[in-house]
Structure formats: C-alpha cells, structure tokens
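*Asks:* Sequence and computational prediction follow.
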Amino acid sequence: MNYDVLIIGAGMSGLAAGIRLAYYDKKVCILEKHHRVGGLNSFYSRDGHKFDVGLHAMTNYVPQGTKSTPLPKLLRQLKLKAEDFALCQQRISAIKFAEKTIRFNNDLDFFIQEVADNFPAQADNFRKLLITISEYDALALDAEPIPAREVIGSIISDPLLIDMLLCPLMYYGNAKENDMEFGQFVIMFSSIFCEGFARPQSGVRQILDVLVKKYRDNGGELRLKCGVKSIQVDNGRAMSILLDNGEMLTADKIISSAGYVETMRLLSDHDPARVNHDVGQLSFVEFIMILDKEPSKMGYDTTITFFNNSDRFHYRKPDDLVDISSGVICCPNNFHFESPLPEAMLRVTNMANFDHWNKLGQEEYKAQKAAWLETSLKEVVKFVPDFRESIVYTDIFTPKTIHRFTGHLNGAVYGTPNKIKTGSTHLDNLFICGTDQGFLGIIGAMLSGISMANLHVLQKG
C-alpha cells in the first residue's frame, strides 16, 4: 500500500505531525511498535494503580488569550482549543541546593525577585541574561551551536547561580553532559521560567486521547503493534518500509521519530561510517511511590523540586548504577486541580547508567532496584518531609526499561547530543522529528512534528 507520508513512532511528535498532515488531506499512516501510543510520554496500570511515564509537567503554560508563545501556536496548528488539554497550573516549584533555594511559579517576576533575594550581587547580571535570552533566535535552523555555560558565564559571575539555573533545564531536556547548547538553553529557560508548568488532572492520557481522536477524525491511519524492521533504500531515496510481520509499505516521504542514529540503523544500506552523530548516553531511573496521605498533609506543597547536594552540579552519565547527588522530586498532587487526585504520589528521578543496569541478571536487577530505592530516598528526605513510612506501593523503571519500550539506544531519554534542527537526512525523502530534531519536552515534541510536517511536506507539496 502506498501513502503520501509514513510516520515511524506514535509519540507526541509523530502524532502531531500526523494530525497536521491528515488535516490537509494527506494519506498518512503512523506505525507504532507497541500496543499503546505515547512513546516517552505514555501511561500504564499496575495492581490497580495508574501511572504516567515521562510526564512530570507540561512546560510552556500560558493563560488563555496569550498569543505568540509555543502553546497557543501549537493549538492553532492542530486546530485544538485550550480546554482540550484541560491544563491546571503548578502551585510552586523549587531549585534546592545545599546553600540556597530558589522558588519559581508561573510568574516570571516572582522568579526574578527570588534570584535577586538569593543572589543580590547578581540581580543586574540576571536581568542582562534575560535580555540576551529574549533577543536570541533559538528557532533558527541554521544557527551555529554555542555552549550555554560560555554565554551564561560571560554575564553571570557566580558559579552557584549558573548551576542552579541549569539544573532544571538539563533534567527536563538536555542530551549533553555538563553543558547544553545555548539555543536549547533559551528554549528550555523560556518554557520553564518565563512560561511555566501545568498538568491535566487525568495526566498524559488526556493529551494522548485528544491527539489520537483528532488524528483519526481527520482520516489518519494508526497501526499499533506494528514494528518497523527496515527502511529499504535505493538511489538516494527511502523506497519502502518493511514491517516486522513481513508487510511492505511505500510512501512518497517518511518522517521518523525513532531517533536519528536508531533510524539510520534501520536503513537497508546502513553504513556506520556515514552516521557522524554520537549515541546519547544520558538516562534516568525513576522511583514512583503511592502514599497513604497527600504530601501537602505532611507539609509538602511544592509541585516539583530540583535538588543537588554536591559542591557543584554534575550532569553526566554516572559511574555507578545511579547518581543520587542530584535529582527531581515530582508531586502530581500539588497542582491546582479542581478536585483531589485518586491517589497520593511522589516520583523521584535520578541519573543512571544504562550499561550497568543492562548487564544485570534478573534477580540482581530486582535486588538493585530495591537497594537503590532505599539509597535514593535517604538523600531525598533531606530536601522534603520524610514520607517513607507513608509508602504503600512502589514501582521503578530504569534505563533498561526505557530502552525496551522506546528503542532508544542506551535508554537515552533525550537522544543524541548532536541535534538536526532541519530534520533532514542524507536521503531526500527521509526526515527526523522529535527528540533528535531538537525541540524537547511535550510541547516541543509536538511542535517538532508540526514543523517537520510543514517544512518537508506541506510547503514542498
């Protein structure tokens, strides 16, 4: 069967690209190897408990009526309304280091004052950084990469403040060790600090249900449990896709959200020497805990806490199975919901080493998950009220889990550090969207799919 466009992967970027193309009457089919959509941002149930994967919060929140920011642009492109996502704002979040705590919410002026209160000598420099951020075109597809630490360090002289600014941005969207590309810094800074966090009361299911319905209502075809075995290449073009079940599909153009290196490995003429992009190394472990009471009743009202207990913030592949020196504590209950969530929950995220987790045998793997849960929580309760006696159920995912369910090499959540802003490959009808195109986060992923659909299909005909 022939399509105008085949899309590999039904994550946020693939679904958004599919909606955009289907709306303009393109014959489009999304291929997803799993039985559920979402990719890195999905959901599951276990023992009667419902969990989100990936989603802590959606960034880029702005009130209805705001224009010219990513969220309203996204809604316009997908012909959706703000109420379709039913977003509820965060209460307040915090960056907690041993020496300082900086709080932030969805009001940039509040954050500016927090920085000034904690770093009075840097207040003017921070305002200069804000001007630099506002003037930088982070979406320019031809921009040369610039190290963020180099730019920030030329404006702000306090290394502690630099680390505290980088910590949330790196944890929520950075594939490079200990630094990030300045354009990516600008995008993430704007999405978290200038705009803000929000979450649907029913979690990521709300977003995915809306996207799938919109896609199908516009005539798009979605095939689940439909893995891609290879992309057949001839004369500089991707000619067809061979499915795991032996079926062959053809298309004028192919958009892949599987990751750049992962997509290149699907090519029938794959040549490792031609793939000059590093494989991502940064992955995470997450401990999810169901509690017998809401954290607010223990005195914890914070939505998300980014913490670090070292002299400096180190964002890199750890030498051990897990690095407990920094992490993220997410409380899904602490958003401004109209009614309480069915269960109280805390989620703790730390950096982890895929290679070490992947080589463990089944019994040792299980034992190490339990051991690192205990070790991580000993550090976490230095930053939040001790909730350990209130835990009634736990679930844990590791880099090995991420690799199994997404196919990302090394369980690398944010893909290769070498982003391809144009989405182009060496084949003239094969394109990349999603994480490795360079727009990260849920809103960023959807905008990536839309941008690539617009640029490579709709504008070119």
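*Replies:* Thanks, I have it.
*Asks:* Please tell me I have it right and Asp47 contacts Glu343.
*Replies:* No - Asp47 lies out of contact with Glu343 (CB atoms under 8 Å); the separation is 11.7 Å. (Glycine included, C-beta is placed from N, CA and C.)
*Asks:* all strands for the stretch 151-300 of the chain, in order.
*Replies:* Using DSSP state E, counting those that start in this stretch, the strands of the stretch 151-300 of the chain run over residues 198-200, 221-223, 228-234, 237-243, 248-256, 283-291.
*Asks:* Switch these over to CSV; also include mean neighbour count, distance to Asn429 and mean pLDDT.
*Replies:* Formatted as CSV, the strands of the stretch 151-300 of the chain follow (neighbours: other CB atoms under 10 Å; distance: least, CB to CB, whole Å; pLDDT from 0 to 100):
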stretch, mean neighbour count, distance to Asn429, mean pLDDT
strand 198-200, 24, 36, 97
strand 221-223, 17, 19, 98
strand 228-234, 18, 10, 97
strand 237-243, 19, 5, 97
strand 248-256, 22, 5, 97
strand 283-291, 23, 32, 98
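*Asks:* the more surrounded of Asp47 and Glu343?
*Replies:* Taking neighbours as other CB atoms under 10 Å, Asp47 and Glu343 compare with Glu343 leading, 17 against 7.
*Asks:* what's the more buried one in contact with, if anything?
*Replies:* 49-50, 290-291 (CB atoms under 8 Å, 6 or more residues apart in numbering).
*Asks:* If we use 10 Å, what do you get?
*Replies:* Shown in contact with Glu343 (CB atoms under 10 Å, 6 or more residues apart in numbering): 48-51, 290-292, 294, 332-333, 392-393.
*Asks:* Figure out which of the strands of the stretch 151-300 of the chain is closest to Tyr365.
*Replies:* Checking the strands of the stretch 151-300 of the chain against Tyr365 by CB to CB gives strand 283-291 as the closest, at 11.7 Å.
*Asks:* Following the chain past that closest one, name the next helix or strand.
*Replies:* Reading on from strand 283-291 to the C-terminus, the next helix or strand found by DSSP states H and E is strand 304-308.
*Asks:* about what we covered before: format the strands of the stretch 151-300 of the chain as CSV; extra columns: distance to Ser451.
*Replies:* Below are the strands of the stretch 151-300 of the chain laid out as CSV (distance: least, CB to CB, whole Å):
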stretch, distance to Ser451
strand 198-200, 22
strand 221-223, 21
strand 228-234, 22
strand 237-243, 20
strand 248-256, 11
strand 283-291, 26
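*Asks:* Mind jotting down where the helices sit in the chain?
*Replies:* Here the chain has its helices, by DSSP state H, at 12-23, 70-78, 82-85, 108-118, 123-135, 148-153, 159-171, 182-189, 204-217, 260-264, 354-358, 362-380, 399-406, 441-453.
*Asks:* helices or strands up against the fourth one?
*Replies:* Under the contact criterion of 3 or more CB pairs under 10 Å, 6 or more residues apart in numbering; DSSP states H and E, helix 108-118 touches strand 93-97, strand 101-104, helix 123-135, helix 159-171.
*Asks:* could these go into CSV alongside mean pLDDT, mean neighbour count and distance to Asp311?
*Replies:* Shown next, in CSV, are the helices and strands packed on helix 108-118 (pLDDT from 0 to 100; neighbours: other CB atoms under 10 Å; distance: least, CB to CB, whole Å):
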stretch, mean pLDDT, mean neighbour count, distance to Asp311
strand 93-97, 98, 23, 10
strand 101-104, 98, 19, 16
helix 123-135, 97, 15, 22
helix 159-171, 98, 22, 9
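*Asks:* Domain-wise, how is this protein divided?
*Replies:* 2-58+204-277+418-458, 91-195, 281-406 (automatic domain parsing).
*Asks:* tell me the most buried of those domains?
*Replies:* Of these, the one with the most neighbours on average (mean count of other CB atoms under 10 Å) is domain 2-58+204-277+418-458, at a mean of 21.
*Asks:* That one: end-to-end distance?
*Replies:* In domain 2-58+204-277+418-458, first residue to last residue: 18 Å (CA to CA, to the nearest Å).
*Asks:* can you give me how far it is from the chain middle?
*Replies:* 15 Å (CA atoms, centre = their mean, to the nearest Å).
*Asks:* And stretch 276-284, by the same measure?
*Replies:* Relative to its chain's centre, stretch 276-284 lies at 15 Å (CA atoms, centre = their mean).
*Asks:* Residue numbering should commence at 6 henceforth.
*Replies:* Okay, residue one is now 6; in that scheme the one you just asked about reads as stretch 281-289.
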